[in-house]
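Visitor: Structure for the following, please:
(one chain, ligands or ions: 1)
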Amino acid sequence: MNGSGIKSILSSILIISILFAAAGCGKGPAAANDVFSVEEPDNDSTVIGFSQLGAESDYRSANSESIKNVFIRSMGYTLLFQDGQQKQSNQISAIRKFIQSDVDYILLSPVTESGWDTVLMEAKDADIPVILVDRTVEVEDDDLYLCHVGSDFFLEAQKACEWLKAYTDSIGMESGDVHIVDLQGTLGSSAQIGRTLGLKMAAAKYGWDVKEEVVADFTQAKGREVMRQLYSKYKDINVVYCENDNEALGAIEAIESAGRRAGSDINNRNILKRSIMVMSFDGVSPEAIDMVKQDKISCIVECNPDLGPYVRDIIDKYEEGEYPPRDIYVDEKIYSSSDRVKSVSVNDVFYDVTVLEE
Ligand code: AHR
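Guide: A predicted model of the protein is given here:
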């Protein structure tokens, strides 16, 4: 028997034992963060281990589905999936299980950027290519992963801030009258780092007043809770910069339960009619899109979760000997309830704004 035959048998035994554990055989019910196979494993398939960071947002669910939809058995793949439940330790132990199973590829959506050097070195030593999906990592040696495919979070923030600058100019607002709170995503995640930095830099450039940055974990419940606290502290907030749509939905609930309106009319002379503007990122759930149509969210910069086809393309080409670029960024739109800003420019590139109406 040749080496690859042995590898295939060992791999099958390990996958089956993972499945056995996930099915709870003899050990009680499988925990949500167990590694499990999406379909029956197949000996001849390409085995992909996917460590997903969690299920905190509509983006995340769509992203998991996108990967599950492309790595299917009828296309020659076995997908092992693990939900890390927002814990890096869960993700690290999933990667170790994938290495033990001798999978062909590891996909990693990392919860935070730091702390991956050791486990990625173990994957490298085992000769298993790692593809970073959605977010990225900060490691000493960039060769610890094959490539990253996902969003440019700093660019997303720049688009959002250029939109805000153009919008406030168009309604004759002075920069010093723009009072912002930042509802941050999971601290230390690429999405939070890029989006927070983009706002900070724009605020310094344009002279906006950023009152506070508070972590809201990319969830609706935390968005509501944080916005409630911030509103009771700063009555003059007129822009809520939410680092994703789920936080925005929570912030809108808090604004409305304080008797205020969420909307773009932030410079109305009549203080009673003045709204609080909500901005966010993702544009994935129909509910968030509907909020733009109702002008409760003024601007969403899209964060595209449909990364499965890109990842499959990377793997297909790699199998044929083609190396992918280090970073592959996906196209992302800008949605707004207002037609005042037709496009925004970042580093001399123009991005159209899509107006959403009911
Ligand atoms: O990494 C992408 C971000 O993570 C999305 O904007 C957010 O919704 C998610 O949880």
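Visitor: Next to the ligand, which bits of the protein? Give me the list.
Guide: Listed as neighbours of the ligand in the chain under the rule Cβ under 6 Å from any ligand atom: 56-57, 59-60, 134-135, 191, 218, 244, 281-282, 303. Quick note: C-beta positions are derived from backbone N, CA and C, even for glycine.
Visitor: Please repeat the previous calculation with a cut-off of 8 Å.
Guide: Within the chain, the positions near the ligand by Cβ under 8 Å from any ligand atom are 53-54, 56-60, 63, 109, 134-135, 150-151, 153, 185-186, 189-191, 218, 243-246, 281-282, 284, 303, 305.
Visitor: Tell me which of these fall in strands.
Guide: 134, 150, 281-282 (DSSP state E).
Visitor: Write the ChimeraX selection for whichever of the residues of the chain next to the ligand are buried.
Guide: Entered in ChimeraX, the line below selects the buried ones among the residues of the chain next to the ligand, by 16 or more other Cβ atoms under 10 Å:
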select :53,54,56,57,58,59,60,63,109,134,135,150,151,153,185,186,189,190,191,218,243,244,245,246,281,282,284,303,305
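Visitor: which ones among the residues of the chain next to the ligand are found in helices?
Guide: 58-60, 63, 153, 190-191, 245-246 (DSSP state H).
Visitor: Low-confidence bits of the chain, can you list those?
Guide: For the chain, the stretches with pLDDT under 70 are 1-33.
Visitor: out of the ones in helices among the residues of the chain next to the ligand, who's nearest residue 231?
Guide: Distance to residue 231, by Cβ to Cβ, is smallest for residue 246 among these, at 18.3 Å.
Visitor: How about the contacts made by the closest one?
Guide: Residues near residue 246 by Cβ atoms under 8 Å, 6 or more residues apart in numbering: 56-58, 218-220, 223, 282.
Visitor: quick one on the thing from earlier: among the ones in helices among the residues of the chain next to the ligand, which two are most distant?
Guide: 58 and 190 (18.3 Å).
Visitor: still on that earlier bit, looking at the ones in strands among the residues of the chain next to the ligand, which one is closest to residue 353?
Guide: residue 281 (14.6 Å).
Visitor: How much space separates the closest one from residue 90?
Guide: The gap separating residue 281 from residue 90 is 25 Å, by Cβ to Cβ, to the nearest Å.
Visitor: Helices along the chain, start to end?
Guide: Going by DSSP H, the chain shows helices at 3-22, 58-70, 88-100, 117-125, 153-170, 190-206, 220-233, 245-257, 286-293, 308-319.
Visitor: so which of those is the most packed in?
Guide: helix 245-257 (a mean of 24; mean count of other Cβ atoms under 10 Å).
Visitor: For that one, what is the distance to the chain centroid?
Guide: Averaging C-alpha positions (Cα atoms, centre = their mean, to the nearest Å) puts helix 245-257 19 Å from its chain's average.
Visitor: what about residue 327, neighbour count?
Guide: Counted with other Cβ atoms under 10 Å, residues neighbouring residue 327 total 12.
Visitor: For it, list each beta-bridge partner.
Guide: residue 148 (DSSP bridges).
Visitor: In contact with it, which residues?
Guide: 136, 147-149.
Visitor: quick one: which of the residues you listed is most hemmed in?
Guide: Neighbour max across the contacts of residue 327 (other Cβ under 10 Å) = residue 136, 27 neighbours.
Visitor: How about the contacts made by that residue?
Guide: By Cβ under 8 Å, 6+ apart, the residues touching residue 136 are 110, 113, 148, 150, 190, 327.
Visitor: from those residues, which single one is nearest residue 201?
Guide: Set against residue 201, the nearest of the contacts of residue 136 by Cβ to Cβ is residue 190 (16.3 Å).
Visitor: Looks like that closest one contacts residue 135 (just checking).
Guide: Yes - the criterion here is Cβ atoms under 8 Å, and residue 190 meets it with residue 135 at 3.9 Å.
Visitor: what residues are shared contacts of the two?
Guide: Counting by Cβ under 8 Å, 6+ apart, the contacts common to residue 190 and residue 135 are 110, 113.
Visitor: tell me which residues of stretch 75-90 are tucked away?
Guide: So, applying 16+ other Cβ under 10 Å, buried residues of stretch 75-90: 77-86, 88, 90.
Visitor: nearest to the ligand, of these?
Guide: Distance to the ligand, by Cβ to the nearest ligand atom, is smallest for residue 86 among these, at 9.6 Å.
Visitor: roughly how far apart are the closest residue to that closest one other than its chain neighbours and residue 60?
Guide: Nearest residue to residue 86, sequence neighbours excluded (Cβ to Cβ, 6 or more residues apart in numbering): residue 54, at 4.4 Å. Residue 54 sits 6 Å away from residue 60, taking Cβ to Cβ as the criterion.
Visitor: wait, what's in contact with the residue in the stretch 201-350 of the chain positioned nearest to the ligand?
Guide: Here the stretch 201-350 of the chain gets closest to the ligand at one residue, residue 244, 3.5 Å apart by Cβ to the nearest ligand atom. Residues in contact with residue 244 (Cβ under 8 Å, 6+ apart) are 57, 59, 185, 191, 218, 280-282, 303.
Visitor: from those residues, which two are the most distant?
Guide: 191 and 280 (11.8 Å).
Visitor: shared neighbours of those two, anything?
Guide: With Cβ under 8 Å, 6+ apart, residue 191 and residue 280 have common neighbours 243-244.
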